[in-house]
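S.K.: attaching a predicted model along with its sequence, questions to come.
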Amino acid sequence: MAGMPPLTAIRAFEAVARHLSFTRAADELGMTQAAVSYQIRIIEERVGAPLFLRKPRQIALTDAGARLAPEVSRAFAILRTAFAETGDRAEGMLSLTVTHTFATGWLAGNIGQFQIGHPDVAVRIDTSNVLVDFTQEEFDAGIRATGKLPPGLVGHPLAKVEFAPMLHRRLIEQYDIRAPADLLRVPQISPEDPWLPAWLQMAGVGHGAQLPKAFIRLGTQHLESRAAIAGSGVAMLTPLFYADEIAAGQLVQPFDLVGWEGHYYYFTYPENCRHWPKIRAFRDWIIDATAPLRALEQS
């Protein structure tokens with residue numbers, strides 16, 4: 001039984017059979033006529049029969065060629081459809097990896113604006129604080145909080161990663177919060193959060209200050225904010241994401257001082273994907289949509 005001919009030879013046969021012309025097939029494939037003829041000879045040797053009748057001014061399929069041509073054409077049609085459908089699905093699905101805080105604090109409430117403007121692009125969001133290697137996992141882009149992006153990634157700063165203590169108004173009265181040092185008397189939510197000692201140092205509270213005893217470990221700002229709203233203690237939160245809760249009186253930011261350690265929320269993606277239409281569309285949208293966040297940032 002004859003083995004499978006090279007794909008280049010099969011492609012040449014399909015083109016010649018479709019055009020019934022070596023010249024037109026060569027033009028389509030970007031090959032010389034001699035090269036096309038060589039590829040046809042490879043197939044003829046493999047099947048053991050001539051595929052074309054070569055006449056002075058035209059060519060025609062032999063019986064063997066006529067049997068083979070429709071099957072080869074059908075196979076290429078299947079391949080073209082498969083690649084087209086795969087491309088459509090890939091272009092129509094944007095997979096994002098997003099930090100918990102940005103996803104819950106801003107993106108979830110605003111992603112509908114992007115969908116309205118780009119109904120042909122479905123967005124899949126995976127919330128994780130783990131840095132993703134785009135070469136190893138099937139994500140197109142991400143939103144990460146960092147001070148420096150790894151090599152090979154493009155990054156667009158969306159907002160500063162600022163922080164400040166927030167708590168329920170009842171606790172301000174209960175613990176008589178008048179100065180930053182007074183926060184040391186309030187139960188601390190999420191003890192591993194390094195933002196509280198950093199903020200206290202910025203506020204002039206000494207290194208040797210006794211931090212409040214830790215009793216809750218929640219791990220995400222969204223959960224920490226819910227605990228703070230419930231009056232469970234003081235939480236270090238990003239003010240940009242809690243403007244509504246502050247306006248509604250659910251949370252109080254007792255001091256104007258806001259901490260920042262040089263980190264930004266970046267929209268980031270591999271350099272070799274910068275021209276993908278779906279990434280360009282989301283990039284342009286999110287940079288414009290987050291402009292109010294940057295306007296609210298404290299310098």
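M.R.: Thanks, I have it. Being a predicted model, the structure only gives us computed values, none of them experimental. Numbers count the residues shown, from 1 in each chain.
S.K.: look up how far Tyr175 lies from the spatially closest residue to Pro187 that is not a sequence neighbour.
M.R.: Counting by Cβ to Cβ, 6 or more residues apart in numbering, Pro187 lies nearest to Gly233, which is 3.7 Å off, once chain neighbours are set aside. All C-beta spots, glycine's among them, are computed from the backbone N, C-alpha and C. Counting by Cβ to Cβ, to the nearest Å, the separation of Gly233 from Tyr175 is 10 Å.
S.K.: likewise for Phe102?
M.R.: Distance of Phe102 to Tyr175, computed by Cβ to Cβ: 31 Å.
S.K.: just to revisit the earlier point, more crowded one of Gly233 and Tyr175?
M.R.: Gly233 (21 against 17; other Cβ atoms under 10 Å).
S.K.: now the helices: where do they sit in this protein?
M.R.: Counting by DSSP state H, the chain has helices at residues 7-19, 22-29, 33-47, 63-92, 100-102, 108-117, 169-174, 195-202, 221-229, 243-247, 277-289, 291-296.
S.K.: so how far is the third one off the chain centroid?
M.R.: The chain centre lies 46 Å from the centre of helix 33-47; the measure is Cα atoms, centre = their mean, to the nearest Å.
S.K.: list the buried residues for that helix?
M.R.: Buried residues in helix 33-47, defined by neighbour count with 16 or more other Cβ atoms under 10 Å: Val36, Ser37, Gln39, Ile40, Ile43, Glu44.
S.K.: residues contacting the first one?
M.R.: Just to be clear, that refers to Val36. Ala12, Ala15, Val16, Phe22, Ala25, Ala26, Leu29 (Cβ atoms under 8 Å, 6 or more residues apart in numbering).
S.K.: about what we covered before: any idea which of the buried residues of helix 33-47 is closest to Pro197?
M.R.: Gln39 (72.1 Å; Cβ to Cβ).
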